[in-house]
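Undergrad: Here is a sequence together with a model predicted from it:
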Amino acid sequence: MPTIPAVEVSGLVMRYGDKVAVDGLDLAVAEHTITAVLGPNGAGKTTTLETCEGYRRPQQGAVRVLGLDPTADQRALLPRIGVMLQGSGAWSGVRAMEMLRHIARLHAHPLDVDLLADRLGLHDCGRTPYRRLSGGQQQRLGLATAVVGRPEVVFVDEPTAGMDPLARRTTWELLEELRADGVTVVLTTHYMDEAERLADQIHIIDQGRMIASGTPADLTRGGTATIRLVVTKPFPPGAPASLQEALGPQVSVTPISDVSLLIAGPADSTTLATVAGWCELQGVLPESLNLGQRNLEDVFLELTGKDLPRD
């Protein structure tokens, strides 16, 4: 028998006035996996996840989580899912451990609160009011409250935003352990290395539509190399098009910023010489010229033409 997806979105349409935020989106998340939903700001990913979490009712299409309708079957579904919002909405005066213990008491069979707090480094800030927690500490508390009830599916929005490298790695390990224990994880992130490290499946959406889907290996396969060109002053008007013409159709040129271009294709001596000659003709001085293999961020840029925002 075919396995029912843990999360299934079919023909979802969501509008805000005249703006279409989600435009006929189809998306499926397999059980016991980590799935990353990526997209530029305004792509519709947060609206999609909020609909899956039951915060919004589909205007068109259907959403099922663990086979249930997140709004009509909310009472049955809520005990089985965990949600970590980027802004957790905790009371400003509540202490971190008070918040975690309170959430744990709402569940029938919660995880051991002290062990979870130790794992996420919350005891050091356990008596600190929420409003005085750093951004990374708030994120760790949000993750702890999302998983303390032993959910079957957990939705995590930007789980490591604001975290230091050690806390970030600890969070990655916890999410991987959840998957190993049979929990399905759906995450959004602006960190491409995070998605490549964690995700079994990646969905990239833009303007409310699915534009690519696959494993990290599937999406980055293709053998093309990349050159990242950064110059000391903004490119002149029409620079990407003129470089594209100079390099020919076997190479793609994607603007990253007004001083940076991504060049994907054969990174041989001829390509490098053409780029150097073009810079001389344009009167721009290269600050850096980096060669590398095509990665997930390169794919994202090629598909959307938009860089991901940085903290």
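TA: In hand now; what should we look at? Numbering: from 1, shown residues only.
Undergrad: Okay, buried residues for the helix ranked longest in the chain please.
TA: Longest helix in the chain, counting residues (DSSP state H): helix 165-180. By neighbour count with 16 or more other CB atoms under 10 Å, helix 165-180 contains the buried residues 167-168, 170-172, 174-175, 178-179. Every C-beta, even on glycine, is put in place using the N, C-alpha and C of the backbone.
Undergrad: neighbouring strands for the helix or strand that that helix is followed by, and are they parallel or not?
TA: Sequence order places strand 184-188 as the next helix or strand after helix 165-180, per DSSP states H and E. Here strand 184-188 has these sheet partners by DSSP bridges: strand 34-38 (parallel), strand 153-157 (parallel).
Undergrad: Run the chain-centre distance for strand 184-188.
TA: In terms of CA atoms, centre = their mean, to the nearest Å, the centre of strand 184-188 is found 9 Å from the chain centre.
Undergrad: how about the helices of the protein, start to end?
TA: With DSSP H as the criterion, the chain has helices spanning 45-52, 74-77, 96-105, 113-120, 135-147, 165-180, 192-198, 216-220, 239-247, 269-282, 296-304.
Undergrad: Format those helices as a markdown table; extra columns: mean pLDDT and distance to Ile205.
TA: Formatted as a markdown table, the helices of the chain follow (pLDDT from 0 to 100; distance: least, CB to CB, whole Å):
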| stretch | mean pLDDT | distance to Ile205 |
| --- | --- | --- |
| helix 45-52 | 94 | 6 |
| helix 74-77 | 96 | 23 |
| helix 96-105 | 95 | 30 |
| helix 113-120 | 95 | 29 |
| helix 135-147 | 93 | 22 |
| helix 165-180 | 94 | 21 |
| helix 192-198 | 94 | 13 |
| helix 216-220 | 88 | 13 |
| helix 239-247 | 94 | 24 |
| helix 269-282 | 91 | 32 |
| helix 296-304 | 84 | 9 |
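Undergrad: Output these as CSV; include the columns distance to Pro58.
TA: Converted to CSV, those look like this (distance: least, CB to CB, whole Å):
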stretch, distance to Pro58
helix 45-52, 6
helix 74-77, 14
helix 96-105, 28
helix 113-120, 33
helix 135-147, 23
helix 165-180, 27
helix 192-198, 26
helix 216-220, 27
helix 239-247, 39
helix 269-282, 47
helix 296-304, 25
